[in-house]
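J.: Model the following, please.
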Amino acid sequence: MVKIFVGRLPEDVKKSELEELFKAYGEITDCSILKNYGFVHMADLNDAKKAIAGLDKTDLKGNSINVELSTTKVQKASKIFVGNLPPETKSADIHKLFKKYGTVIECDVVKNYAFVHMGRENMARDAINGLNNTEFNGNKIGVQMARSQRNLDMHGG
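T.: The predicted structure is shown next:
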């Protein structure tokens, strides 16, 4: 998995529009928009490089967007899905909840769920074991490994 940073996004851009832009270059495994920037995760490094070359400085709804490899090292991280979060949940709350289990590389809250990237798989497993079906701010949360294509051998033998 390769994480791409997309900057200078128009305020009214939708996740589906960003995905549409990138899917011409290859498989997208995840996409999130935060204010005027976002992240697109692509399954293949070569596809990601083509997308960066093809989309950097492209006009999107009147904005010249920045597209580059993200400097966050998520490729080697273990990604956890956290469901049934209370509506007022902030990334900082989730970060604090998970950091007692290990290194939290990144945390994105989207509506009533979140994705947490932890430094090692054993940290992620400890967090899942410790937090799944526990109460967080009045809601019983579900915590599990996020489904991902990156564990599959895409190239064959």
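J.: Unless I'm misreading it, N63 sits right up against D12, doesn't it?
T.: No - counting by C-beta atoms under 8 Å, N63 stays clear of D12, with 10.4 Å between them. C-betas here are computed from N, CA, C, even on glycine.
J.: okay, the two: which has more neighbours?
T.: N63 (15 against 7; other C-beta atoms under 10 Å).
J.: any idea how far that one is from H41?
T.: Computed as C-beta to C-beta, to the nearest Å, the N63 to H41 distance reads 21 Å.
J.: what do you get for A53?
T.: In terms of C-beta to C-beta, A53 sits 18 Å off from H41.
J.: between these two, who's got more neighbours?
T.: Neighbour tally, A53 and H41, criterion other C-beta under 10 Å: the higher count belongs to H41, 24 against 10.
J.: Quick check: which element contains that one?
T.: strand 37-42 (DSSP states H and E).
J.: outside of that strand, which residues touch it?
T.: Contact with strand 37-42 is made by 1-9, 13, 15, 18-19, 22, 25-32, 48, 51, 70, 74, 108, as judged by C-beta atoms under 8 Å, 6 or more residues apart in numbering.
J.: Around D126, how many other residues sit close by?
T.: 16.
J.: ditto for G138
T.: 6.
J.: quick one: it from E106, how far?
T.: Counting by C-beta to C-beta - G138 and E106 are separated by 25 Å.
J.: try F136
T.: Using C-beta to C-beta, we find F136 at a distance of 19 Å from E106.
J.: Need phi/psi at the closest residue to F5 other than its chain neighbours.
T.: Nearest residue to F5, sequence neighbours excluded (C-beta to C-beta, 6 or more residues apart in numbering): S70, at 4.3 Å. Phi and psi for S70, reported as degrees, to the nearest 10, are phi -70, psi 140.
J.: so where is this protein shaky, pLDDT-wise?
T.: Within the chain, the ranges that satisfy pLDDT under 70 run 72-77, 148-157.
J.: which residues in it form helices?
T.: 15-23, 45-55, 91-99, 121-131 (DSSP state H).
J.: so can I have JSON lines of those showing distance to A114?
T.: Formatted as JSON lines, the helices of the chain follow (distance: least, C-beta to C-beta, whole Å):
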{"stretch": "helix 15-23", "distance to A114": "15"}
{"stretch": "helix 45-55", "distance to A114": "24"}
{"stretch": "helix 91-99", "distance to A114": "5"}
{"stretch": "helix 121-131", "distance to A114": "11"}
